[in-house]
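Undergrad: make a model of this:
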Amino acid sequence: MEKKIVRIRDTKIGAGRPKICVPLVAADETELEEALGRLEGTPFDLVEWRADFYREAKQAAAMEDALERIRERLQDKPLLFTFRTQEEGGAQSIEPAAYFVLNERAAKSGMVDIVDVELNRGEELAERLVQAIHRENCCVLGSFHDFSQTPSAERMTRVLQRMQQLDMDITKLAVMPRTRRDVLELLAAAVRMEEELADRPCVTMSMGSLGVISRVAGSFSGSAITFGTAGSSSAPGQIPAGKLEQILRILSESIEEK
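TA: A predicted model of the protein is given here:
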């Protein structure tokens, strides 16, 4: 199936080797400045601001001030805005209506390129939010997390296809493995999406130490983005971006040679 490439600033997601996304994790202004400082010398293609870790993220003025600081430092690098809810493994809880307003506000700020929308917030809410974000000429990364298990490959591909149907520009699925076979189940779902079902960039990962291999296997599995750290991690199993870049380069070159 022919897949579209998502072009954001100078970055093409879904083309070439997997893009490295570095999460910014900070509780306040001081920690945010420290996290931004750690980006210097770190290889990355885009940055994810995990706004749920920021204590004042629900306050409009504080959120926009933080976004201004981040945008100034990133210059032309793409910025992904994510408020991960507690139900999906995030740091704060938030009511559905407030979740909608907060993400729409981020899209309207003009400083964000991609907004994360959780499928588990409910399809009706997700669909309205996708439309609102698109009206602001902003992209949507649809996300689904299961921190307790790894569903069947069939179930995982259905979830990713549903996000495509809801017109989410990039689809992302992260699950927790209990065994090595669970990691293989995730990779099987990723490869099937890449070869048969995906019409847009797809991001897949098996979390925790058991699933680390899935974070470096994007050139094989078709996962378009992988998450690497420049300091604090935002999810279990993330590895330093510097090491990630080396591994991705070696694997991509080996696959291209064949």
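
Undergrad: so, low pLDDT: which residues of the stretch 1-150 of the chain?
TA: 1 (pLDDT under 70).

Undergrad: roughly how far is whatever helix or strand A35 lives in from the heart of the chain?
TA: Here A35 sits within helix 29-37, counting by DSSP states H and E. Centroid separation for helix 29-37 versus its chain: 21 Å, with Cα atoms, centre = their mean, to the nearest Å.

Undergrad: report the buried residues of it.
TA: For helix 29-37, a neighbour-count test (16 or more other Cβ atoms under 10 Å) marks E31, L32, A35, L36 as buried. Where you see a C-beta, it was placed from the backbone N, CA and C, and this is true even at glycine.

Undergrad: want to throw the residues you listed into CSV with distance to A62?
TA: Below are these laid out as CSV (distance: Cβ to Cβ, whole Å):
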residue, distance to A62
E31, 13
L32, 11
A35, 16
L36, 16
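
Undergrad: which single one of those residues is nearest to V183?
TA: V183 lies nearest to A35 out of the buried residues of helix 29-37, by Cβ to Cβ, at 29.6 Å.

Undergrad: so that closest one touches D28, yeah?
TA: No: contact criterion Cβ atoms under 8 Å: A35 and D28 do not qualify, at 10.7 Å.

Undergrad: neighbours of R55, how many?
TA: By other Cβ atoms under 10 Å, 15 other residues sit near R55.

Undergrad: now it. Nearest residue, chain neighbours left out?
TA: A27 (5.4 Å; Cβ to Cβ, 6 or more residues apart in numbering).

Undergrad: distance of the one you found relative to A51?
TA: Using Cβ to Cβ, to the nearest Å, we find A27 at a distance of 11 Å from A51.

Undergrad: more crowded one of these two?
TA: It is A51, of A27 and A51, that has more neighbours when counted by other Cβ under 10 Å, with 26 against 13.

Undergrad: residue contacts, the more buried one?
TA: A57, M63, A66, F81, T82, F83, L102, A106 (Cβ atoms under 8 Å, 6 or more residues apart in numbering).

Undergrad: now swap in S221 and tell me
TA: So S221 contacts L187, A190, V191, E194, T204, S214 (Cβ under 8 Å, 6+ apart).

Undergrad: scan the chain for its longest strand.
TA: Scanning the chain for the strand with the most residues, using DSSP state E, yields strand 139-146.

Undergrad: partners of that strand, with directions?
TA: Using DSSP bridges, strand 139-146 pairs in its sheet with strand 114-118 (parallel), strand 170-175 (parallel).

Undergrad: nearest approach to V183 belongs to which of these?
TA: V183 sits nearest to strand 170-175 of all the strands paired with strand 139-146, at 9.4 Å, using Cβ to Cβ.

Undergrad: how far away from the center of its chain is the next helix or strand after that closest one?
TA: Once strand 170-175 ends, the next helix or strand along the chain (criterion: DSSP H and E) is helix 180-192. Relative to its chain's centre, helix 180-192 lies at 19 Å (Cα atoms, centre = their mean).

Undergrad: could you give the angle of helix 180-192 to strand 170-175?
TA: Per axes from the mean of the first three to the mean of the last three Cα atoms, to 10 degrees, the angle that helix 180-192 makes with strand 170-175 is 170 degrees.

Undergrad: list the buried residues in helix 180-192.
TA: D182, V183, L184, E185, L186, L187, A188, A189, A190, V191, R192.

Undergrad: what about it, average pLDDT?
TA: Average pLDDT, helix 180-192: 97.

Undergrad: pull the residues that contact that helix.
TA: 149-150, 152-154, 156-157, 160, 173, 175-177, 202, 204-206, 210-211, 213-214, 217, 220-223.

Undergrad: buried ones among those residues?
TA: Buried subset of these (neighbour count, 16+ other Cβ under 10 Å): 150, 153, 156-157, 160, 173, 175-177, 202, 204-206, 210-211, 213-214, 217, 220-223.
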